[in-house]
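Novice: quick one, what's the 3D model for this:
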Amino acid sequence: MSKKNLVFPLSLIALAVAGVHSVSAEEATEEETTIERIEVVGDFRARGIEDVPASVSVLNGEDIQQRQAAHIEDILAMAANVNVASGASRGRFFQIRGIGERSQFVDPINPSVGLVIDGINYSGLGAAGTTFDIGQVEVFRGPQSTRFGADGMAGVIYLSSTPATIYNDGVVDMEWGEYNTYGAGLAFNQTLSDTGVARLSVYQYESDGFMENVFLDREDTQHRDETTIRLNAEWELNSQWTTKLTLHHFDVDNGYDAFSLDLNRETLSDTPGEDTLKSTAGRFLAAYASEQGYIAELSGSFLTADELYGYDEDWAYEGIRPGWEYNSYDEYDRARTQQELEVRVLSDEAWLASGVEVDWLVGAYLQSREQELTRNYTYLSGPFSSQYDTQNIAVYGELSAQLSERLRGTIGGRFESYDNDYSDSRNITASPDSNAWGGRASLEFQWTDTTQWFTTLARGFKTGGVNGEALGRVEDENLTEFRDFLASKAEYDPEYLTSLEFGLRYFSAEQSLRAEFVGFYSWRDDMQVNAYVERSAVFVTYRDNASSGVNYGLEASVEWVPTDKLRLFASAGLLQTELDGLLLQDGTNLTGREQAHAPTYQAHAGFDYALTSNMTWRFEVDAKDAFYYSNSHDERSDEFQLLHTRIDYDWGNWTFSLFARNLTDETYTTRGFYFGNDPRDEYQAKNYVQYGEPRRIGIGARLHF
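Specialist: The predicted structure follows:
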């Protein structure tokens, strides 16, 4: 039975389980006009957002549900100064404050923006960012290397599953929509013993996608077929010992046929591509709460992932222009194995040192990661293979002191050592080892009972690497004029990011208004950039270091509940970026130009309004300025605004929904390349783009049991 045929059986099974567990929903006895307290869990220790001296956005499960989001690409517009790049079946490359990868082809990369799900490091595996039964998404902006090392130089996106509870309840979720879209999921809690609880979630999502292949007469070559399974369990063994277990499985079997020679949503490819991920991961944590006022934690995790990314390179069919055409397919088969071990000791309650209340923590971290690539490409004489092994060890610590009744100071740091080994089938070997350090120092001042100022100075880092593809193409007969240039790009250096932030937070006394404003200025040293050389549709990508770059701007968010029927929310980001010292192969000097995928402004606003006691209307708008697609050319996107709306109707334990995403059917783009690829015009260079989601209308049903 195909995965698509499993959608409706899954719905029926979910309803049957719901019928066994069904209980009456507890009705609210009073109307509330307060904002729910937000707890941030992705840092060293869980704490209220008002105690985090950094710029962070928290999107809860209700936000995810109301956006009808199946993947984090659907919700990140709600966070200021966050952008997404596609070039795949989904937007799975992330940029925070203009910093982050936009693609990956031959060479291994170290992402600037980390992705962590339930404490497991998925950085570089953006397809795993599915959102069913995710209770909270935290977007940490700015350097996070003290906590996350090299995977958090520009920021981190942290996903937490809905936590398990002692109540044997759950939810069934179903969706039907345009473009042959179906979704069905089940999540429920189950007590395991007097001391243990677990939560299991299963979700299946199907869609034909938003492209039409007119040559093959198909509308599903950009299809989505995604299965997500998550299990989280926790045991309180006694008053001192707690253990947690997490298991994940992702099966993503998506198509990739996104670029059109005719610059529209109609493709001509005769061999559509694919974009798949098969991943299994697990994590175990044991925590001991000492009577001496500290907690000791030991955690270990594993991850295996197989990715297959392939595409019709010519975007056309054989016979489109005899004598001019070419026909090729490019496929990247990646296997990743990863193990992590971390030990941490932290204060459970403030210690007194010379009369000053102090919180502290120390820890050590080990990671082993192996990445294997097999590339099958039409114009290679045989498969290309490479292996990149990384071993790293880190130690870190942080100290926080209550300097006065209203002033608190924190300082922390991390030292990390990397041992990297690269080898490939072209007999290229390299060992770009490095040591790096990061840290942060902050001050928090409680100006009034409702207003807080903070300032933070942070330094982040990411490792260097090897340009295996560039070295391997030095002797390519089609690239003879680039030989010296490619040979000079054998390796690239580590990058460092230093950021200074000033922030203001306000919480009204009655908790009906919350506001945050942050200004930042960041310096990028030895800034890593993507570039490529191209001749006769032959591409060689490489990474290079610009001498420096600067990124600075403002971020703001507001949430207000003026009445028991109305909630207003908004966020906005302003961003200025600049390249310095980047010289392309053709001699172009990009000094002074904006960095790629760094729009000058982004904004999000909306409201929830209770039309009746059991009917709610939500309306949202996303806005984004134009941005450069790449650091290798000057093509830009257009600015755009997207409108989304949803109406929910509650009937007993059921919620029925009618939703529309991109209500006005705005045409916008998520990725762009500039080169010649159309034999019909003899390969005149053009800006080829990937389009974002068109208008999509659908219905949903959710049962709470």
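Novice: distance check, residue 141 against residue 505.
Specialist: For residue 141, the distance to residue 505 equals 15 Å [Cβ to Cβ, to the nearest Å]. C-betas here are computed from N, CA, C, even on glycine.
Novice: can you show me the helices along the chain?
Specialist: 7-21, 61-66, 145-148, 468-472, 483-487 (DSSP state H).
Novice: quickly, which of those bottoms out on average pLDDT?
Specialist: Lowest mean pLDDT within the helices of the chain: helix 7-21, a mean of 42.
Novice: residues near residue 240, how many?
Specialist: 12 (other Cβ atoms under 10 Å).
Novice: report the beta-bridge partners for the closest residue to it other than its chain neighbours.
Specialist: Once flanking residues are discounted, residue 240 sits nearest to residue 289: 5.0 Å by Cβ to Cβ, 6 or more residues apart in numbering. Beta-bridge pairing of residue 289 under DSSP bridges involves residue 295.
Novice: residue 289 and residue 295 touch, don't they?
Specialist: Yes - contact criterion Cβ atoms under 8 Å: residue 289 and residue 295 qualify, at 5.2 Å.
Novice: joint contacts of these two?
Specialist: Residues touching both residue 289 and residue 295 by Cβ atoms under 8 Å, 6 or more residues apart in numbering: residue 348.
Novice: so, low pLDDT: which residues of the stretch 1-150 of the chain?
Specialist: Within the stretch 1-150 of the chain, the ranges that satisfy pLDDT under 70 run 1-33.
Novice: lowest-pLDDT helix or strand in this protein?
Specialist: helix 7-21 (a mean of 42; mean pLDDT, DSSP states H and E).
Novice: can you pull the contacts of residue 600?
Specialist: Contact partners of residue 600, counting by Cβ under 8 Å, 6+ apart, are 574, 575, 576, 594, 625, 626, 627.
Novice: from these, which would you call buried?
Specialist: 574, 575, 594, 625, 627 (16 or more other Cβ atoms under 10 Å).
Novice: format these as a markdown table; extra columns: pLDDT and distance to residue 247.
Specialist: A markdown table is the format used below for those (pLDDT from 0 to 100; distance: Cβ to Cβ, whole Å):
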| residue | pLDDT | distance to residue 247 |
| --- | --- | --- |
| 574 | 98 | 41 |
| 575 | 98 | 38 |
| 594 | 93 | 43 |
| 625 | 98 | 41 |
| 627 | 97 | 38 |
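Novice: residue 83 reaches residue 94, doesn't it?
Specialist: Yes - under the criterion of Cβ under 8 Å, residue 83 makes contact with residue 94 at 7.5 Å.
Novice: shared neighbours, these two?
Specialist: With Cβ under 8 Å, 6+ apart, residue 83 and residue 94 have common neighbours 76, 100.
Novice: which one's more surrounded, the two?
Specialist: Remark: of residue 83 and residue 94, residue 94 carries more neighbours, 30 against 26, as counted by other Cβ under 10 Å.
Novice: that one is in contact with residue 152, isn't it?
Specialist: No - counting by Cβ under 8 Å, residue 94 stays clear of residue 152, with 11.9 Å between them.
Novice: quick one: common contacting residues for those two?
Specialist: residue 113.
Novice: neighbour count winner among residue 141 and residue 505?
Specialist: Set residue 141 next to residue 505 and count neighbours by other Cβ under 10 Å: residue 141 wins out with 26 against 22.
Novice: ok now do the closest residue to that one other than its chain neighbours, which residues does it touch?
Specialist: Nearest non-adjacent residue to residue 141, counting by Cβ to Cβ, 6+ apart: residue 55, 4.3 Å away. Listed by Cβ under 8 Å, 6+ apart, the contact partners of residue 55 are 140, 141, 142, 501, 503, 516, 518, 520, 555.
Novice: report the buried members of the residues you listed.
Specialist: Counted by 16+ other Cβ under 10 Å, those give 140, 141, 142, 501, 503, 516, 518, 520, 555 as buried.
Novice: for these, which one is nearest residue 432?
Specialist: residue 142 (25.7 Å; Cβ to Cβ).
Novice: and residue 318, how far is that from residue 684?
Specialist: From residue 318 to residue 684 the distance is 21 Å (Cβ to Cβ).
Novice: revised request: answer the last question for residue 44.
Specialist: 54 Å.
Novice: ranges for the strands of the stretch 151-300 of the chain?
Specialist: Taking DSSP state E, counting those that start in this stretch as the criterion, the stretch 151-300 of the chain carries its strands at 155-161, 170-177, 181-191, 196-207, 212-213, 224-236, 241-256, 266-267, 273-289, 294-312.
Novice: wait, which of the ones you listed is closest to residue 359?
Specialist: Residue 359 lies closest to strand 294-312 among the strands of the stretch 151-300 of the chain, at 10.3 Å (Cβ to Cβ).
Novice: list the buried ones in the closest one?
Specialist: In strand 294-312, counting by 16+ other Cβ under 10 Å, buried: 294-295, 297, 299, 301, 303, 305, 307-312.
Novice: hang on, the earlier thing: comparing residue 44 and residue 684, which shows the higher neighbour count?
Specialist: Legend: neighbour count by other Cβ under 10 Å for residue 44 and residue 684, higher for residue 44 (16 against 10).
Novice: assess the claim that that one and residue 361 are in contact.
Specialist: Yes - counting by Cβ under 8 Å, residue 361 is a contact partner of residue 44 at 5.7 Å.
Novice: shared neighbours, the two?
Specialist: What both residue 44 and residue 361 touch, as defined by Cβ under 8 Å, 6+ apart, is the set 344, 346, 398.
Novice: how far away is the last one from residue 149?
Specialist: Spelled out, that is residue 398. Taking Cβ to Cβ, one finds residue 398 at 14 Å from residue 149.
Novice: looking at these two, which one has more neighbours?
Specialist: residue 149 (27 against 22).
Novice: show me what contacts residue 400?
Specialist: Per Cβ under 8 Å, 6+ apart, neighbours of residue 400: 358, 359, 360, 408, 409, 410.
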